[in-house]
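Engineer: predicted coordinates and the sequence they were generated for:
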Amino acid sequence: MQILVFNSGSSSLKFKLFEAVGPAELKLLAKGLVSSFGPSALCTWTVNGNEHEARTIINDHREATGWVFELLQATALPPGSLLDAISAVGHRVVHGGDRFSAPARISDQVLVAIESLESLAPLHNAASVSVMRASQSRLGPDIPMVAVFDTAFHRTLPDYARAYALPSAWTSPFGIKRYGFHGIAHRYLYERYHQITGGDPGTCRVITVQLGHGCSMTAIRGTSPVETSMGFTPMEGLIMATRPGDVDAGVLLHLAAQGGFSVDQLREGLNQRSGLLGLSGVSADMRELLNLEAAGHAGAKLAVNAFCHRVRKYLGAYLAILGGAEAIIFGGGIGEHSPQIRARVCADMDWCGLTLDPERNRMANGIESRISTEGSSCQVYVIPVDEESIIAQETYTYLHQQGKGSPDGS
């Protein structure tokens with residue numbers, strides 16, 4: 001069974017093609033990324049170990065999806081054979097709301113339901129729907145497609161961690177509660193950590209730290225998340241590339257009342273012009289900000305310091321909630337590739353048994369590695385996130401359990 005997986009970012013599209021013998025037996029056949037949407041969009045991809053690169057004009061996720069199909073078909077051996085063998089497609093969806101707490105077979109009704117949640121995840125849900133529709137158009141109605149939701153992993157959060165301290169007349173009618181996001185990434189970090197260490201998942205206390213364009217943290221006790229940094233939307237919590245994380249709600253009320261800002265203006269500013277970009281005034285890219293900070297740029301210094309401070313603040317809170325942790329696991333573009341940020345986040349943490357090994361940390365650039373010292377009672381790992389393998393597993397399991405049957409939105 002060959003499963004194609006699409007993972008839609010806000011302005012990128014990852015894809016992987018797997019040969020699935022079972023949910024835990026996945027062979028990677030092809031992988032790639034479409035990035036830098038615009039007049040010179042870039043696709044880098046690998047098929048059967050052969051690397052390829054191409055550029056073209058790509059305006060949106062629908063066009064990116066069509067391009068991926070064309071490129072995969074052209075580079076398959078024998079030519080044109082790759083897409084004919086696809087048995088199913090799995091799609092990552094950021095927000096599942098109250099309806100979707102498990103994978104769902106994609107249908108017209110499911111697409112409408114996902115679209116209805118667009119205002120809660122404006123950078124992602126609409127993009128996912130575009131990719132789904134483009135996939136249906138290319139592959140036809142006979143290829144089953146499954147949506148896998150970021151929010152599903154956090155469905156077991158305790159009610160006291162889910163609730164906002166707001167009047168029930170505000171929350172109940174509108175489904176307002178903390179859903180949590182990046183669940184597929186946090187699940188991968190947690191599961192891969194236990195595969196590496198051979199520990200008992202039932203008794204573990206770990207903190208997963210997903211730092212990329214979007215950033216979040218999750219505290220996991222046993223096999224269940226007990227707290228996570230993102231809430232009703234993917235905007236709460238840590239400082240991100242262009243999103244602010246935690247903000248006093250009074251600030252937004254003040255801007256609306258005194259500054260005359262509309263809801264649309266606030267939404268755009270909070271999603272596109274805040275976070276690292278807003279603090280620095282120059283960039284949302286952590287690599288660029290670290291270089292600018294080293295050159296004496298005050299805005300970059302403020303952005304990096306605030307970013308690390310927020311992560312440390314949540315780390316301390318989650319250590320208190322868990323009563324200590326056996327491991328802290330870094331993933332995501334920043335978490336996997338920035339030894340400087342990891343070092344600043346974990347500085348002076350000997351009090352909780354956490355001590356980084358500077359050399360291990362320096363060498364861990366996008367590779368799976370333990371970066372704490374041998375004597376550290378709280379282990380620290382870097383684990384590159386593979387969301388697509390989780391999506392493929394979930395797609396395989398769902399279709400076999402359902403017998404490739406009718407759509408399910410439960």
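Structural biologist: Structure's in. What do you need? These figures come from a predicted structure and were not determined experimentally.

Engineer: next, the buried residues of stretch 135-149.
Structural biologist: Buried residues in stretch 135-149, counting neighbours by 16 or more other C-beta atoms under 10 Å, are found at 135, 136, 138, 139, 144, 145, 146, 147, 148, 149. Where C-beta positions appear, they are placed from N, C-alpha and C, glycine not excepted.

Engineer: show me what contacts the third one?
Structural biologist: I take that to be residue 138. Listed by C-beta atoms under 8 Å, 6 or more residues apart in numbering, the contact partners of residue 138 are 65, 66, 69, 83.

Engineer: per-residue confidence at the residue lying closest to the third one once chain neighbours are set aside?
Structural biologist: Spelled out, it's residue 69. Spatial nearest neighbour of residue 69, chain neighbours left out: residue 138 (5.1 Å); criterion: C-beta to C-beta, 6 or more residues apart in numbering. If you check residue 138, the pLDDT there is 93.

Engineer: report the two of the buried residues of stretch 135-149 separated the most.
Structural biologist: Across the buried residues of stretch 135-149, no pair lies farther apart than 138 and 149, at 23.0 Å, counting by C-beta to C-beta.

Engineer: for residue 78, give me the pLDDT.
Structural biologist: For residue 78, the model assigns a pLDDT of 68.

Engineer: which positions within the helix or strand residue 305 falls within qualify as buried?
Structural biologist: Using DSSP states H and E, residue 305 falls within helix 298-322. Counting neighbours by 16+ other C-beta under 10 Å, one finds that the buried residues in helix 298-322 are 299-304, 306-308, 310-312, 314-315, 318-319, 322.

Engineer: now swap in stretch 269-282 and tell me
Structural biologist: Buried positions in stretch 269-282, judged by neighbour count with 16+ other C-beta under 10 Å: 269, 270, 271, 272, 274, 275, 276, 277, 278, 279, 280.

Engineer: what does it contact?
Structural biologist: For stretch 269-282, using C-beta under 8 Å, 6+ apart, the contacting residues are 122-123, 235, 239-245, 247, 261, 283-286, 288-289, 292, 297, 299-300, 302-303, 306-307.

Engineer: which parts of the protein are strands?
Structural biologist: For the chain, the strands defined by DSSP state E cover 2-8, 13-22, 25-35, 38-47, 50-58, 86-93, 104-105, 145-149, 205-211, 215-221, 224-228, 327-331, 369-370, 379-382.

Engineer: what is the burial count for the nearest residue to residue 255 once chain neighbours are set aside?
Structural biologist: Once flanking residues are discounted, residue 255 sits nearest to residue 261: 4.6 Å by C-beta to C-beta, 6+ apart. Using other C-beta atoms under 10 Å, residue 261 is surrounded by 16 other residues.

Engineer: format the buried residues of stretch 135-149 as TSV; extra columns: distance to residue 169.
Structural biologist: Shown next, in TSV, are the buried residues of stretch 135-149 (distance: C-beta to C-beta, whole Å):
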residue	distance to residue 169
135	41
136	40
138	46
139	45
144	41
145	38
146	36
147	32
148	34
149	28
